[in-house]
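Undergrad: show me how the following folds:
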Amino acid sequence: DLLARPEAATLAVLGAGVQARSHLDAMAEVRPLRAARIWSRSPERARALAESVRDELPFPVTAAASVAEATDGADLVCTVTGSAEPLLDARHVAEGAHINAVGSSFPDKRELTADLVARCAVFVDGREAALIEAGDLVIPIAAGRLGPDVIRAEVGEVLLGRAPGRRSPAETTLFKSLGLAVEDAVTGLRVARRARELGVGREVSFP
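TA: Residues are numbered from 1 along each chain as shown. Prediction:
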């Protein structure tokens with residue numbers, strides 16, 4: 001929601017596992033989506049996921065036969081695969097789209113081509129971790145295709161107004177997500193506080 005264009009509402013999800021389902025729900029929570037398309041190397045899994053959410057989400061969700069079909073006209077793209085080799089290229093992504101690259105969070109694996117990353121304004125949750133663990137950045141940097149300065153900012157810096165986010169409607173933005181322990185800790189604290197406010201859940205004492 002921070003980096004996509006205000007009107008962005010067509011979603012492509014590459015992958016059909018647990019992360020794909022959670023990202024469908026999350027994106028629907030922050031955006032009034034018009035449609036979502038799911039692609040997976042297993043067409044059966046893509047169709048099964050689309051069927052499972054069809055009655056739960058207020059917009060059409062369909063399975064796509066290819067990455068190109070899933071991303072055609074999409075202004076929001078979530079990659080949630082375990083791919084070792086790039087499956088999303090610059091030609092698949094419309095000008096002005098926003099990408100959440102979530103899968104393949106290892107230095108020797110990547111979901112995006114170097115050409116696509118080079119075209120994007122890149123944001124991460126933590127610079128240090130991204131430059132060590134995110135294959136989408138580590139591999140093209142090691143090959144001399146990109147420099148460490150490809151990262152414009154951490155998302156926290158954008159949220160705090162310390163760094164610019166999207167600069168124009170035509171800019172393609174990329175959030176390379178790895179996840180940080182502090183994010184889990186803060187989220188857990190928020191959930192616990194909210195549970196106490198609502199009077200739900202059970203307090204557990206640890207020895």
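
Undergrad: least trustworthy helix or strand in this protein by mean pLDDT?
TA: Least confident helix or strand of the chain, by mean pLDDT, DSSP states H and E, is helix 181-198 with a mean of 92.

Undergrad: got the CA positions of it in CSV?
TA: Extracted C-alpha coordinates of helix 181-198, given in CSV (Å, rounded to 0.1, in the frame of the first residue of the first chain):
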residue,chain,number,x,y,z
ALA,A,181,12.9,-10.7,13.7
VAL,A,182,12.0,-7.3,15.0
GLU,A,183,8.9,-7.3,12.6
ASP,A,184,7.8,-10.6,14.2
ALA,A,185,8.3,-9.3,17.7
VAL,A,186,6.4,-6.0,17.1
THR,A,187,3.6,-7.8,15.3
GLY,A,188,3.3,-10.3,18.1
LEU,A,189,3.2,-7.5,20.7
ARG,A,190,0.4,-5.8,18.7
VAL,A,191,-1.6,-9.0,18.5
ALA,A,192,-1.2,-9.6,22.2
ARG,A,193,-2.3,-6.0,23.1
ARG,A,194,-5.3,-6.3,20.8
ALA,A,195,-6.3,-9.6,22.3
ARG,A,196,-6.3,-8.1,25.8
GLU,A,197,-8.4,-5.2,24.6
LEU,A,198,-11.0,-7.6,23.2
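
Undergrad: okay, and the beta partners of the most centrally placed residue in the chain?
TA: Centroid-nearest residue in the chain: Asn100, 2.2 Å away (criterion: C-alpha atoms, centre = their mean). Residues in a beta bridge with Asn100, per DSSP bridges, are Cys78, Phe175.

Undergrad: ok so, going back, who's in contact with the least confident helix or strand of the chain?
TA: 125, 201 (C-beta atoms under 8 Å, 6 or more residues apart in numbering). No exception for glycine: its C-beta is placed from N, CA and C like everyone else's.

Undergrad: quick check, Leu11 in a helix?
TA: No - applying DSSP: H, G, I helix; E, B strand; the rest coil, one finds Leu11 to be strand, outside a helix.

Undergrad: which ones are touching it?
TA: When contacts are counted by C-beta under 8 Å, 6+ apart, Leu11 touches 24, 27, 31, 33, 35-37, 74, 76-78.

Undergrad: please repeat the previous calculation with a cut-off of 10 Å.
TA: By C-beta atoms under 10 Å, 6 or more residues apart in numbering, the residues touching Leu11 are 4, 23-24, 27-28, 31, 33-38, 59, 61, 70-71, 74-78, 100.
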